[in-house]
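Visitor: Would you be able to build a 3D model of this:
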Amino acid sequence: MTKTTHFIYIATMSAIVIAVTVYLWVEGRSFYSLPLEERFYHSEYDWFKPSGLFGQGLGVIGTFMIAFGVAIYIARKNHGFMEKHLRIKYLLEFHIFLCTLGPVLILFHTSFKFGGIVSIAFWSMVAIVASGVVGRFIYVQIPRNIQGQALGLEQIKNKQRSMLEGLKDGVVLTGNQLRELLDPKLSSKKRLTIAKEFLKESAATRKEKIQVLDIFKEERRLDSKIANLSVMKTMFKYWHVIHKPFALIMLFVVIVHVAVTVTMGYTWIF
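Guide: Below is the predicted model:
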């Protein structure tokens, strides 16, 4: 998946979440905007209420989305499920998508009414989503290979060396320019600056210049990530300490909530 395709992939999922949120609010605005004590008299109370066909359906579908998003991500990450077909990097994006859209549906399922044990599940869910956003930021700061596995410091440096050594076979820069650019004493920032000056004088095509410049830009990004590698890995480690407990709390409360709901005869369409 190219960077453009990846951007479209993320943008599409974000647009779906926004579109669904807007649709649900517009669809039930007349009900959700009423004070709690007046909702009983709404003409579609039996449709929108948490135990109604629409309201409960949102809860069922939202819960399924979260459960599926968590299950498939854990199965792939910890147990190698469909390892050849599911790239962990893109599966993480899908996991975030389902675990963002699911809570939105559950929010409308509650009809913005929180109380008792359900409030514990809801605020745990909010904490999970919030910590998930933070976790996603930390995750992307850690350099990874094409399979999405975290790279070590030496692996990153090897990647840098490979990129720069690959320039020796190019025709965009002269031999003297390459020797100057490959000077190990140069910082990646300085190397990028010099490369831009050399490329202005090069007779190569615009496409070739961009390809070479991208190598130096990537080296600059890797240098930045090397500087933050240790900190980010430590942050990611402790992030799990926050994310997982809230997930377990929510799971327990949801199981209790579903069990009580089914026991009382609210079984949606089944």
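
Visitor: Every contact and neighbour count from this point should use C-alpha atoms.
Guide: OK.

Visitor: now the most centrally placed residue in the chain, nearest residue through space, not along the chain?
Guide: By CA atoms, centre = their mean, the chain has its centre lying nearest to residue 93, at 4.1 Å. Spatial nearest neighbour of residue 93, excluding adjacent residues (CA to CA, 6 or more residues apart in numbering): residue 10 at 7.2 Å.

Visitor: Am I right that the one you found is in a helix?
Guide: Yes. Residue 10 forms part of a helix when assessed by DSSP: H, G, I helix; E, B strand; the rest coil.

Visitor: Give me the distance between it and residue 69.
Guide: Note on residue 10: its distance to residue 69, by CA to CA, to the nearest Å, is 16 Å.

Visitor: per-residue confidence for the nearest residue to residue 102 once chain neighbours are set aside?
Guide: Sequence neighbours aside, residue 62 is the residue nearest to residue 102 in space, at 3.9 Å (criterion: CA to CA, 6+ apart). pLDDT recorded at residue 62 is 92.

Visitor: Just the buried positions in the helix or strand hosting residue 62, please.
Guide: Using DSSP states H and E, residue 62 falls within helix 53-79. Within helix 53-79, the residues that count as buried by 16 or more other CA atoms under 10 Å are 53-63, 65-67, 69-70, 72-73, 76-77.

Visitor: Output stretch 64-79 as CSV, restricted to C-alpha atoms.
Guide: Extracted in CSV, the C-alpha atoms of stretch 64-79 (Å, rounded to 0.1, in the frame of the first residue of the first chain):
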residue,chain,number,x,y,z
PHE,A,64,-19.8,-6.5,18.1
MET,A,65,-17.6,-4.0,16.3
ILE,A,66,-15.5,-3.5,19.4
ALA,A,67,-15.2,-7.2,20.1
PHE,A,68,-14.3,-8.1,16.5
GLY,A,69,-11.8,-5.2,16.3
VAL,A,70,-10.0,-6.3,19.5
ALA,A,71,-10.2,-10.0,18.7
ILE,A,72,-8.8,-9.9,15.2
TYR,A,73,-6.0,-7.5,16.2
ILE,A,74,-4.9,-9.7,19.2
ALA,A,75,-5.2,-12.8,17.1
ARG,A,76,-2.9,-11.3,14.4
LYS,A,77,-0.5,-9.6,16.8
ASN,A,78,-0.1,-12.3,19.4
HIS,A,79,-0.9,-15.5,17.6
